[in-house]
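[1] Sequence and computational prediction follow.
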Amino acid sequence: MGSRRVTTYVEDGEEYDVILQAQRENRASPSDLNNLYVRSATTGELVPLSSLVTLSELAEPGQYNRFNRLRAITISAGLAPGYTLGEALDWFRQVAAEELPERAQIDYKGESREYQRAGGAALFTFAMALLIVYLVLAAQFESFLHPLVIMLTVPLAVLGALLGLWLFGSSLNLFSQIGIVMLVGLAAKNGILIVEFANQLRDEGLAIGEAIVESAAVRMRPILMTSIATIMGAVPLVVAGGPGSASRATIGIVVISGVAFSTVLSLFVVPAFYTLLAPYTRSPEAVARKLEKLESETPVVGGHA
């Protein structure tokens, strides 16, 4: 039934296998096994095989696969039109939680595994970018509160990026995550311009409220100029076609929507939080001015203070 190689023969210098197997019409179904006859070892007569054995059908895999040293069943599928890999994996996890027993475990390989790894790596990269930018700003401003005010523009940029992806029907994939990481620096520049100039005005003696209002008004023009330049530079990523245009368009959408949204709101959010937190900080040149004041008030006797 399953074929058997019994010998070989040579013809024209080529060796061929001799395979014995029943005719196709005699092995079309499992019931054909009942039509076989075997010869009795005692009488030499042919005996129907059905009188000696019973036939039962059993569904089982031809081999047992393993993954991560555990017995595993591999489920492969293709994405239906209009669905993303992330949506398919979410649906799969939901169905697995409802149908599979609690002892069952789920793991991924292939594109699904790479998708899971890439998503985790992007989140780690985003967190490290926030931390590094915050520490650099803390060293520059010699304060932990001023960088916090500046970093408030990053959530605004991320919110704008998500809104842009939703409006254009795009998904949160690896390329959009790369664009969000880029927004950390692009959005922080607006807050840097406002806070830095406000600190300079405070050094000149202005009150906190007056300094931040004047800083937002004076710095509005350079903020708009740099933001418009950034947006115009990202427009070709969205409108250009060709190979890889989908990935470039996703990055462009994230940059354009994130920068535009953060630019508009940062002119209101940064001054508001600066007004709330600045009273708990001191002017960057406060120590220098105090030293200068003490030096001017110190009497000079014989050419020495």
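    Yes, it's here.
[2] show me where pLDDT drops low in the chain?
    118-120, 282-290, 299-305 (pLDDT under 70).
[3] What segments of it are helices?
    85-99, 111-141, 146-151, 153-167, 174-203, 208-239, 245-277, 286-297 (DSSP state H).
[4] Report the buried residues of the fifth one.
    The neighbour-count check on helix 174-203 (16 or more other C-beta atoms under 10 Å) flags 175-184, 186-199, 201-202 as buried. For the C-beta atoms, the positions are set from N, CA and C on the backbone; glycine is no exception.
[5] now the angle from it to helix 153-167?
    150 degrees (axes from the mean of the first three to the mean of the last three C-alpha atoms, to 10 degrees).
[6] Tell me the spatial nearest neighbour of residue 182, not counting adjacent residues.
    residue 255 (6.4 Å; C-beta to C-beta, 6 or more residues apart in numbering).
[7] Tell me how far residue 270 lies from residue 190.
    Distance of residue 270 to residue 190, given as C-beta to C-beta, to the nearest Å: 7 Å.
[8] Need the overlap of contacts for these two.
    Residues touching both residue 270 and residue 190 (C-beta atoms under 8 Å, 6 or more residues apart in numbering) are residue 153.
[9] how many neighbours does residue 278 have?
    24 (other C-beta atoms under 10 Å).
[10] Check residue 69 too.
    Using other C-beta under 10 Å, residue 69 has 6 other residues around it.
[11] OK, contacts around it?
    Residue 69 touches nothing, counting by C-beta under 8 Å, 6+ apart.
[12] same thing with the one 4 residues further on?
    The contact partners of residue 73, taken as C-beta under 8 Å, 6+ apart, are residue 65.
[13] how near is it to residue 63?
    Distance of residue 73 to residue 63, given as C-beta to C-beta: 12 Å.
[14] Next, count neighbours for residue 115.
    Residue 115: 18 neighbours (other C-beta under 10 Å).
[15] nearest residue to it other than its sequence neighbours?
    Per C-beta to C-beta, 6+ apart, closest to residue 115 is residue 85, 5.4 Å.
[16] Tell me the residue in this protein that is farthest from the middle.
    Residue farthest from the centre of the chain, counting by C-alpha atoms, centre = their mean, is residue 43 at 75.6 Å.
[17] Please name the nearest non-neighbouring residue to residue 9.
    Using C-beta to C-beta, 6+ apart, the closest residue to residue 9 is residue 16 (5.8 Å).
[18] ditto for residue 50
    Nearest non-adjacent residue to residue 50, counting by C-beta to C-beta, 6+ apart: residue 34, 4.0 Å away.
[19] Am I right that that neighbour is in contact with residue 52?
    No: in this structure residue 34 lies outside contact range of residue 52 using C-beta atoms under 8 Å: 10.6 Å.
[20] Looking at these two, which is more packed in?
    residue 34 (13 against 10).
[21] so who does the more buried one touch?
    Counted by C-beta under 8 Å, 6+ apart, residue 34 has contacts 48, 49, 50, 55.
[22] Turn those residues into TSV, columns for neighbour count.
    Output for these, formatted as TSV (neighbours: other C-beta atoms under 10 Å):
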residue	neighbour count
48	11
49	14
50	14
55	10
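[23] now these as a markdown table including distance to residue 165?
    Listed next are the contacts of residue 34 as a markdown table, based on distance: C-beta to C-beta, whole Å:
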| residue | distance to residue 165 |
| --- | --- |
| 48 | 71 |
| 49 | 67 |
| 50 | 67 |
| 55 | 59 |
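[24] Out of those residues, which is nearest to residue 265?
    residue 55 (75.5 Å; C-beta to C-beta).
[25] isn't that closest one right next to residue 35, touching?
    No: applying C-beta under 8 Å, one finds residue 55 not in contact with residue 35, separated by 11.4 Å.
[26] List the contacts of stretch 257-273.
    Looking at what lies outside stretch 257-273 - C-beta under 8 Å, 6+ apart - the contacts are 149-150, 152-154, 156-161, 163-165, 167, 179-180, 183, 186-187, 190-191, 194-195, 212-213, 215-216, 220, 223-224, 227, 230-231, 234.
[27] re the thing from before, isn't the residue nearest to residue 9 right up against residue 5?
    No: in this structure, residue 16 is not within contact of residue 5 by C-beta under 8 Å, at 10.5 Å.
[28] Was I right to think residue 278 contacts residue 209?
    No: between residue 278 and residue 209 there is no contact under C-beta under 8 Å: 9.1 Å.
[29] which ones among the contacts of residue 34 are found in strands?
    Judged by DSSP state E, the contacts of residue 34 include residue 48 as members of strands.
[30] and which of the contacts of residue 34 is nearest to residue 137?
    For these, the closest approach to residue 137 (C-beta to C-beta) belongs to residue 55, at 78.4 Å.
[31] Good, wrapping up.
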